[in-house]
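*Asks:* Got a predicted structure here, sequence first:
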Amino acid sequence: MKKVRFIANPFSGVNRKRNLAKLLKEHLDPEIYHHELVYTEYAGHAIELSKEAVRQGYDMVVACGGDGSINEISGPLIGTGTVLGILPCGSGNGFATHLGIGRNVVKAIQYLNDGQPITIDTCRMNGRSYVNLAGVGFDAAVANRLHGSKLRGLWAYFRFTVEELFKYKMLPLEITVDGKTCQLSCLLAEVANAPIYGYGFSIVPPAKFNDGKLEVLLVNAAPKWRYLFSLWRLLNGTFHKSSLTESFTAREVFIRPARKCAAHVDGEGFELEGGARFSILPASLKVLCPKEYVGILK
């Protein structure tokens with residue numbers, strides 16, 4: 001019998017609409033798991049609950065939320081034997097999509113019953129861990145708007161993207177990749193462990209979270225209409241092939257913007273002062289995914 005803790009935010013719009021306790025009772029195999037469902041009570045509580053689960057010897061901790069919840073809950077699991085599980089209760093669910101879990105909570109619970117753990121890389125930005133994407137510039141400005149807004153969902157994401165694009169000023173920055181430095185002006189700089197934003201938008205398709213490398217994507221300065229005409233590439237996995245971008249792999253990256261700007265870690269936006277240092281921790285986190293996707297993800 002494996003011991004598992006589910007961590008959920010009771011104020012999440014998605015969690016309010018679903019009776020998670022009832023769904024777990026109906027669909028989680030009681031012959032495999034002894035489980036508990038705990039709810040966060042304040043900002044940062046998910047991190048504490050995850051740390052506590054590691055100390056108490058839980059076999060798995062399940063993040064019931066989106067990419068932001070996964071970021072908080074996965075951090076204390078890095079470098080331990082405790083497995084991360086995911087129920088896609090967020091808005092965008094980018095990381096869950098990449099793992100083949102999708103957006104259906106009932107199916108995600110069933111995947112826990114017969115899923116298989118894989119070991120993936122994790123990354124750090126200025127000492128803060130992440131599992132999916134981080135970066136500076138335009139997308140971080142959009143994420144920062146979302147973070148401070150009551151609006152949620154695809155419509156909010158689209159609205160803030162358009163609003164920010166029309167007022168955004170290109171970002172001059174100095175970037176050092178594995179010891180080599182250059183200066184440029186860009187829309188954004190992304191340092192990826194995995195490829196997908198929320199809602200299935202693939203921003204860094206070459207990124208693989210088990211190759212021990214960071215994937216860096218730079219979107220160079222250009223007339224803004226050109227970005228709009230390239231958005232379709234986010235849907236078919238060819239954005240990195242656009243003439244607007246350049247990409248490469250690295251183990252360490254340092255980005256120093258010429259001005260104060262927005263940054264994001266797994267879609268959580270904030271204001272960045274100074275530079276951002278990125279590094280990779282190879283094979284540092286165990287994640288449960290559907291067994292039919294294990295071969296694909298390798």
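*Replies:* Yes, it's here.

*Asks:* what's the span of stretch 66-82 from first residue to last?
*Replies:* End-to-end distance for stretch 66-82, by Cα to Cα, to the nearest Å: 20 Å.

*Asks:* mind listing what's buried in that stretch?
*Replies:* Residues of stretch 66-82 classed as buried by neighbour count (16 or more other Cβ atoms under 10 Å): 66-78, 80, 82. Quick note: C-beta positions are derived from backbone N, CA and C, even for glycine.

*Asks:* and the longest helix for the chain?
*Replies:* What stands out as the longest helix in the chain, according to DSSP state H, is helix 154-167.

*Asks:* how far does whatever helix or strand comes next after that helix sit from the chain's center?
*Replies:* Moving toward the C-terminus from helix 154-167, the next helix or strand (DSSP states H and E) is strand 171-177. Averaging C-alpha positions (Cα atoms, centre = their mean, to the nearest Å) puts strand 171-177 23 Å from its chain's average.

*Asks:* so what does strand 171-177 touch, helix or strand wise?
*Replies:* Counting contacts by 3 or more Cβ pairs under 8 Å, 6 or more residues apart in numbering; DSSP states H and E, strand 171-177 is packed against strand 133-137, strand 180-192, strand 214-220, strand 252-257.

*Asks:* Going by distance to Gly102, which of the buried residues of stretch 66-82 wins?
*Replies:* Minimum distance to Gly102 across the buried residues of stretch 66-82 is 13.2 Å, recorded for Gly66 (Cβ to Cβ).

*Asks:* what residues are up against the closest one?
*Replies:* 88-93, 198, 267 (Cβ atoms under 8 Å, 6 or more residues apart in numbering).

*Asks:* do the same with Ile101
*Replies:* Applying Cβ under 8 Å, 6+ apart, the residues near Ile101 are 86, 88, 93, 107-108, 111, 289-290.

*Asks:* picking that back up, so of the buried residues of stretch 66-82, which ones are in helices?
*Replies:* Judged by DSSP H, the buried residues of stretch 66-82 include 67-74 as members of helices.

*Asks:* the helices in the stretch 1-150 of the chain, which residues?
*Replies:* 13-17, 20-27, 45-55, 67-74, 94-98, 105-114, 138-147 (DSSP state H, counting those that start in this stretch).

*Asks:* leaving aside the residues next to it on the chain, what's closest to Gln249?
*Replies:* Quick fix: residue 249 reads Thr, not Gln. Lys213 (4.4 Å; Cβ to Cβ, 6 or more residues apart in numbering).

*Asks:* what about Ala207, neighbour count?
*Replies:* For Ala207, the count of nearby residues is 26 (other Cβ atoms under 10 Å).

*Asks:* try the one 4 residues further on
*Replies:* As a burial measure, Asp211 scores 15 neighbours (other Cβ under 10 Å).

*Asks:* shouldn't it be in contact with Asp121?
*Replies:* Yes: Asp211 is within contact range of Asp121, at 7.3 Å (criterion: Cβ atoms under 8 Å).

*Asks:* how close does Ala222 get to Leu187?
*Replies:* To Leu187, Ala222 is 8 Å away according to Cβ to Cβ, to the nearest Å.

*Asks:* and which of the ones in helices among the buried residues of stretch 66-82 is nearest to Glu174?
*Replies:* For those, the residue nearest Glu174 by Cβ to Cβ is Asn71; the value is 26.6 Å.

*Asks:* The closest one: what's it in contact with?
*Replies:* Asn71 makes contact with 129-132, 265-268, according to Cβ under 8 Å, 6+ apart.

*Asks:* Pick out the most distant pair among these.
*Replies:* By the measure Cβ to Cβ, Ser129 and Gly267 form the most distant pair in the contacts of Asn71, at 14.0 Å.

*Asks:* Please name the residues that touch Leu188.
*Replies:* Listed by Cβ under 8 Å, 6+ apart, the contact set of Leu188 reads 135-140, 171, 218-219.

*Asks:* Among those residues, which pair sits farthest apart?
*Replies:* Based on Cβ to Cβ, the longest span within the contacts of Leu188 runs between Ala140 and Leu218 and measures 13.9 Å.

*Asks:* quick one: which of those two has more around it?
*Replies:* Shown here are Ala140 and Leu218; by other Cβ under 10 Å, Ala140 has more neighbours (28 against 22).

*Asks:* Would you check that that one makes contact with Cys261?
*Replies:* Yes: counting by Cβ under 8 Å, Ala140 does reach Cys261; the two are 7.3 Å apart.

*Asks:* tell me, what's touching the two both at once?
*Replies:* Both Ala140 and Cys261 are in contact with Leu272, where contact means Cβ under 8 Å, 6+ apart.

*Asks:* If anything else comes up later, I'll come back, but that's it for now.
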